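Asks: the following comprises the amino acid sequence and a computationally predicted model.
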Number of protein chains: 2
Amino acid sequence: MLNGKSGVSPGTRARVEELVDRYGYRKLSGANRNNVVELVFRELESMWAVEIIRGVERVASKHRVGLMVSRFGLHDSPAPAWDDTVARRPNCVLSVAQLSEAEREQLQAKGIPFVVFGPTRELPDDVPSVGATNWSGGRAATRHLTELGHRRIAMISGPQDVLCCVARLDGYRSALKAAGLPADPDLVVQAKLTREDGYTAARDLLSRPDRPTAIFAANDLLALGVYQAAREAGLRIPEDLSVVGFDDLRAVSWVDPPLTTVHQLLTEMAIAATELALTLGRGEQAPQTGLEIATTLTVRESTAPPKD
Amino acid sequence: MLNGKSGVSPGTRARVEELVDRYGYRKLSGANRNNVVELVFRELESMWAVEIIRGVERVASKHRVGLMVSRFGLHDSPAPAWDDTVARRPNCVLSVAQLSEAEREQLQAKGIPFVVFGPTRELPDDVPSVGATNWSGGRAATRHLTELGHRRIAMISGPQDVLCCVARLDGYRSALKAAGLPADPDLVVQAKLTREDGYTAARDLLSRPDRPTAIFAANDLLALGVYQAAREAGLRIPEDLSVVGFDDLRAVSWVDPPLTTVHQLLTEMAIAATELALTLGRGEQAPQTGLEIATTLTVRESTAPPKD
């Protein structure tokens, strides 16, 4: 069907449709937009990309909407892939990449609704987003350690220009306060969210005379770096050192000992975000456009009461 | 541009293009096909899906072709997602899912070229495919163990209706033969390609009085199951037991000890497969349509000479 405009007679319209059919044009759905949801990453490196893709695919195929995946690197500016995304006029965009204001305005100008997945920066209230309860997760991880009796609990925190890292660190501080423990700034080490940085940070923490009895790492990769530093220092987990991570990557249940960590429901977050994006793509109002999906603490074998 | 047919006058053609432009039709590339490569999975569960997606995305964006990802479950028959894939008329299909003969015929009837990624079953010679050198990989893994001096080398093999598993097992047997060692059928255990099955199989092997001094597992998940069984049996890796895997999932460099394994260049395989699919999608001849990309052995710390 043509989209409601009426400068053409029914005869012409029929002829156009017939020609279109014969010569390779196809009708787009909705307001000139293709029947696809476009999932945009900045990088496809992360271990959790596939969990997000899985959730988006599930919802897209339920609604018989195609799923397009694209990526624009951190250092392409202006990114040709992004221009292609805009030019393809998808039904809606779900962006794991953090969109700049200019990019958001570009989508708005084209009438393409979008949802930001796991915002890493503060967004204006009117930008739809789906994230995890990072503050609550950080608080739950730390409370688990205080309840086991730990008093010297370090945190290896991520970069403080990343919103989820700020929230996890604040959750840590909040749990310490709730347990009546002082927040010793020496026990917080900043690191990039990699295994290598976790190793370096933990080596520093564990070499101190008053080393912590527990470490909360802002993500699982950091926690795996802590494992390596503990092994090299001859410290056993959890007997000599308790470790908690954040994310619950599948691999952390395979390491020895299996890691206690904060579980992010990435697939469920992706499902919620896609449903929201498709609702907006249909031009409908969504009941809410800013969601945080609750994290849960998965207790495995890397945590125990301190020895003394 | 219209696609070469000439039943329309230039004037009509211009008018169609103008109407198309105004009313929301867009030209498809090639013979009625959309400018996308469609990447089809049976399941999006595997840890290596993202490595494949990354390679496909890299090539697709280089050629300014969109990447569509879809999945049709093992038990949907007929699969609506598959019908949607065919109906979308992509430029070409890259299928990680194993296509049935009927599915291949459907694509052929629509003139949609396709490439099978990592074929798990024997395919007719005219079906384009890109895989890994599984036989050579299995042979290299086993030769590494024989060269370390192992004489009792077990293999936890995958299902024998999966072509890559047959090839890896044959590579194992071939290396034993080359080393002048007998192939003891008792030392080959069949398992599904999961960590749990690797654990069960290894528990059996390691409880025998004449237990093997080395185990070659047909994939990394199986090898991680061997790690758990060895821990529970009080056996140290590599001092008491050498272990080799297959795949080189990112996580296996994080476990203790880091796993020696056969590295599959999944991203490179995906790049080659996508280039091939796009070549066929342009209607061009490809220099070759059946490729195996060489595996390499990554030696880490899970292998050592046997104690006696």
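Replies: Yep, it's here. Keep in mind it's a predicted model, so treat the numbers as computed, not measured.
Asks: rest of the way, CA atoms for contacts and neighbours
Replies: OK.
Asks: quick one: contacts for the residue nearest to A:N219 when sequence neighbours are not counted?
Replies: The spatial neighbour of A:N219 that comes closest, neighbours along the chain excluded (Cα to Cα, 6 or more residues apart in numbering or on different chains), is A:F246 at 4.2 Å. Contacts for A:F246 (Cα atoms under 8 Å, 6 or more residues apart in numbering or on different chains) come out as A:137, A:217-220, A:261-264.
Asks: now, which of these sits nearest chain B?
Replies: A:D220 (11.4 Å; Cα to the nearest Cα).
Asks: ok, the nearest residue to A:Q160 once chain neighbours are set aside - contacts?
Replies: Distance criterion Cα to Cα, 6+ apart; nearest residue to A:Q160, sequence neighbours excluded, is A:V166 at 5.5 Å. If you count contacts by Cα under 8 Å, 6+ apart, A:V166 has them with A:158-160.
Asks: which one among those gets closest to chain B?
Replies: The closest of those, once distances to chain B are taken by Cα to the nearest Cα, is A:G158, at 19.9 Å.
Asks: tell me how many other residues crowd the closest one.
Replies: 25 (other Cα atoms under 10 Å in any protein chain shown).
Asks: list the contacts of it.
Replies: Per Cα under 8 Å, 6+ apart, neighbours of A:G158: A:165-166, A:190-193, A:218-219.
Asks: again, only this time at 6 Å
Replies: A:165, A:190-193, A:218 (Cα atoms under 6 Å, 6 or more residues apart in numbering or on different chains).
Asks: narrow the residues you listed to those in helices?
Replies: A:C165 (DSSP state H).
Asks: adding neighbour count, distance to A:W48 and pLDDT, write the contacts of A:G158 out as TSV.
Replies: Output for the contacts of A:G158, formatted as TSV (neighbours: other Cα atoms under 10 Å in any protein chain shown; distance: Cα to Cα, whole Å; pLDDT from 0 to 100):
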residue	neighbour count	distance to A:W48	pLDDT
A:C165	22	17	96
A:Q190	16	22	97
A:A191	21	20	97
A:K192	18	17	96
A:L193	20	14	93
A:A218	34	15	98
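Asks: now, which of the contacts of A:G158 sits nearest chain B?
Replies: A:L193 (15.1 Å).
Asks: what sits against that closest one?
Replies: Applying Cα under 6 Å, 6+ apart, the residues near A:L193 are A:G158.
Asks: list phi and psi for it.
Replies: Per-residue torsions, A:L193: phi -80, psi 50 (degrees, to the nearest 10).
Asks: stretch A:290-302: how far from the chain's middle?
Replies: Put simply, stretch A:290-302 sits 13 Å off its chain's centre (Cα atoms, centre = their mean, to the nearest Å).
Asks: that stretch and chain B, are they touching?
Replies: No. Judged by Cα under 6 Å from any Cα of the partner chain, stretch A:290-302 stays clear of chain B, getting no closer than 13.9 Å.
Asks: export that stretch as PDB, just CAs?
Replies: In PDB, the C-alpha atoms belonging to stretch A:290-302 read as follows (Å, rounded to 0.1, in the frame of the first residue of the first chain):
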ATOM      1  CA  GLY A 290      13.600   4.300  31.100                       C
ATOM      2  CA  LEU A 291      14.100   0.800  32.600                       C
ATOM      3  CA  GLU A 292      16.600  -0.800  34.800                       C
ATOM      4  CA  ILE A 293      16.400  -4.600  35.000                       C
ATOM      5  CA  ALA A 294      17.300  -6.000  38.400                       C
ATOM      6  CA  THR A 295      20.600  -7.800  38.900                       C
ATOM      7  CA  THR A 296      20.900 -10.800  41.200                       C
ATOM      8  CA  LEU A 297      23.800 -12.100  43.200                       C
ATOM      9  CA  THR A 298      25.000 -15.600  42.200                       C
ATOM     10  CA  VAL A 299      26.900 -17.100  45.100                       C
ATOM     11  CA  ARG A 300      29.400 -19.700  44.100                       C
ATOM     12  CA  GLU A 301      32.700 -20.800  45.700                       C
ATOM     13  CA  SER A 302      35.000 -17.700  45.600                       C
END
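Asks: any low-confidence regions in chain A?
Replies: Low-confidence regions of chain A, defined here as pLDDT under 70, cover residues A:1-32, A:46, A:73-80, A:308.
Asks: check it for its longest strand and report it.
Replies: strand A:34-41 (DSSP state E).
Asks: is chain B within reach of that one?
Replies: No. Interface with chain B: strand A:34-41 contributes nothing (Cα under 6 Å from any Cα), its closest point being 8.9 Å away.
Asks: ok, residues contacting that strand?
Replies: So strand A:34-41 is contacted by A:28-29, A:65-71, A:89-97 (Cα under 6 Å, 6+ apart).
Asks: the closest residue in space to A:V255 that isn't next to it in sequence and B:H150, how far apart?
Replies: With Cα to Cα, 6+ apart as the criterion, A:V255 has its nearest non-adjacent residue at 5.5 Å, and that residue is B:V255. The span separating B:V255 from B:H150 equals 23 Å under the rule Cα to Cα, to the nearest Å.
Asks: settle it for me: which of these two has more neighbours?
Replies: B:H150 (23 against 19).
Asks: can you pull the buried residues of the host helix or strand of A:Y172?
Replies: Assigned by DSSP states H and E, A:Y172 belongs to helix A:163-178. Neighbour-count burial for helix A:163-178, counted by 16 or more other Cα atoms under 10 Å in any protein chain shown, picks out A:163-176.
Asks: what about it, distance to the chain center?
Replies: That offset, for helix A:163-178, works out to 18 Å (Cα atoms, centre = their mean).
Asks: how much space between whatever residue of the stretch 101-250 of chain A ends up closest to chain B and B:D248?
Replies: For the stretch 101-250 of chain A, the residue closest to chain B is A:L224, as judged by Cα to the nearest Cα, at 7.1 Å. According to Cα to Cα, A:L224 stands 18 Å off from B:D248.
Asks: do A:G245 as well
Replies: From A:G245 over to B:D248 (counting by Cα to Cα), the distance is 23 Å.
Asks: which one's more surrounded, those two?
Replies: When A:G245 and B:D248 are compared for neighbours, A:G245 comes out ahead with 29 against 23, by other Cα under 10 Å.
Asks: tell me how many other residues crowd the residue of the stretch 101-250 of chain A closest to chain B.
Replies: 25.
Asks: if I pick it, what's in contact with it?
Replies: A:L224 neighbours (Cα under 6 Å, 6+ apart): A:R195.
Asks: what's the first helix or strand after the host helix or strand of it?
Replies: For A:L224, the host element (DSSP H and E) is helix A:220-232. Later in the chain than helix A:220-232, the nearest helix or strand by DSSP H and E is strand A:242-247.
Asks: contacts for the following helix or strand past that next one?
Replies: Per DSSP H and E, the first helix or strand lying C-terminal to strand A:242-247 is strand A:260-263. By Cα under 6 Å, 6+ apart, the surrounding residues in contact with strand A:260-263 are A:244-248, A:295-300, A:302.
Asks: among these, which one has the most neighbours?
Replies: A:V244 (32 neighbours).
Asks: show me what contacts it?
Replies: Contacts of A:V244 (Cα under 6 Å, 6+ apart): A:216, A:260-261.
Asks: what bridges to it?
Replies: A:F216, A:T260 (DSSP bridges).
Asks: same deal with A:E38?
Replies: A:M68, A:V93.
Asks: for the residue positioned nearest the centre of chain A, which non-adjacent residue is closest in space?
Replies: By Cα atoms, centre = their mean, chain A has its centre lying nearest to A:G118, at 3.9 Å. In space, and not counting its chain neighbours, A:G118 is closest to A:G131: 4.2 Å by Cα to Cα, 6+ apart.
Asks: so the one you found belongs to a strand, correct?
Replies: Yes. Assessed with DSSP: H, G, I helix; E, B strand; the rest coil, A:G131 lies in a strand.
Asks: surely it and A:E292 touch.
Replies: Yes. Using Cα atoms under 6 Å, A:G131 makes contact with A:E292 at a distance of 4.7 Å.
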